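K.L.:
compute the structure for the input listed below.
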Amino acid sequence: MDDCIFCKIVAGDLPSEEIAHTERVIAIRDINPAAPVHLLVIPRDHIPGIAEIAAAPEGLLDELFGLANEVADKEGVGDSGYRLVFNNGPDSGMLVPHLHLHVLGGAPLGPIASAGAGRG
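P.N.:
Residues are numbered from 1 along each chain as shown. Next comes the predicted model:
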């Protein structure tokens, strides 16, 4: 995808702070962190979202979760705990339509807010 920010990062056309990688997945530091540790684990191939994951190569999810666990340990949050988040679609807050897994930790994150809280 010519206009995909993550595809440009994977291709080396945009800078990023790489934490680790495998043959099919890369982990980078988020440039707008929502926690002291906020990493993104991104497939190298363009996958727009969750709906398209079924057509992804076999073992890709295993690789995403495996690298997420590896970088959580590397960043020192493996034992204290971390959150893994997939956003899907604009209402979820997904800013880049390329499948990616957020790894958040480094401080107590609290409960996940319920959708629609405070709406009457």
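K.L.:
name the element V10 belongs to?
P.N.:
Here V10, judged by DSSP states H and E, is contained in helix 5-11.
K.L.:
what packs against that helix?
P.N.:
strand 25-29, strand 37-43 (3 or more C-beta pairs under 8 Å, 6 or more residues apart in numbering; DSSP states H and E). The C-beta positions use only the backbone N, C-alpha and C, and glycine is treated the same way.
K.L.:
present those as CSV; the columns should include distance to L61, mean neighbour count and mean pLDDT.
P.N.:
Output for those, formatted as CSV (distance: least, C-beta to C-beta, whole Å; neighbours: other C-beta atoms under 10 Å; pLDDT from 0 to 100):
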stretch, distance to L61, mean neighbour count, mean pLDDT
strand 25-29, 10, 21, 98
strand 37-43, 9, 24, 98
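K.L.:
would you convert those into CSV that also reports distance to Y82?
P.N.:
Output for these, formatted as CSV (distance: least, C-beta to C-beta, whole Å):
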stretch, distance to Y82
strand 25-29, 13
strand 37-43, 7
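K.L.:
closest to A68 out of those strands?
P.N.:
Of all the helices and strands packed on helix 5-11, it is strand 37-43 that lies closest to A68, at 4.8 Å by C-beta to C-beta.
K.L.:
now the helix or strand following the closest one against strand 37-43, angle please.
P.N.:
Beyond strand 37-43 on the C-terminal side, the first helix or strand identified by DSSP H and E is helix 60-74. Interaxial angle, helix 60-74 versus strand 37-43 (axes from the mean of the first three to the mean of the last three C-alpha atoms, to 10 degrees): 160 degrees.
K.L.:
mind listing what's buried in the following helix or strand past the helix holding V10?
P.N.:
Once the chain leaves helix 5-11, the next helix or strand it forms, by DSSP H and E, is strand 18-21. Buried residues in strand 18-21, counted by 16 or more other C-beta atoms under 10 Å: I19, A20, H21.
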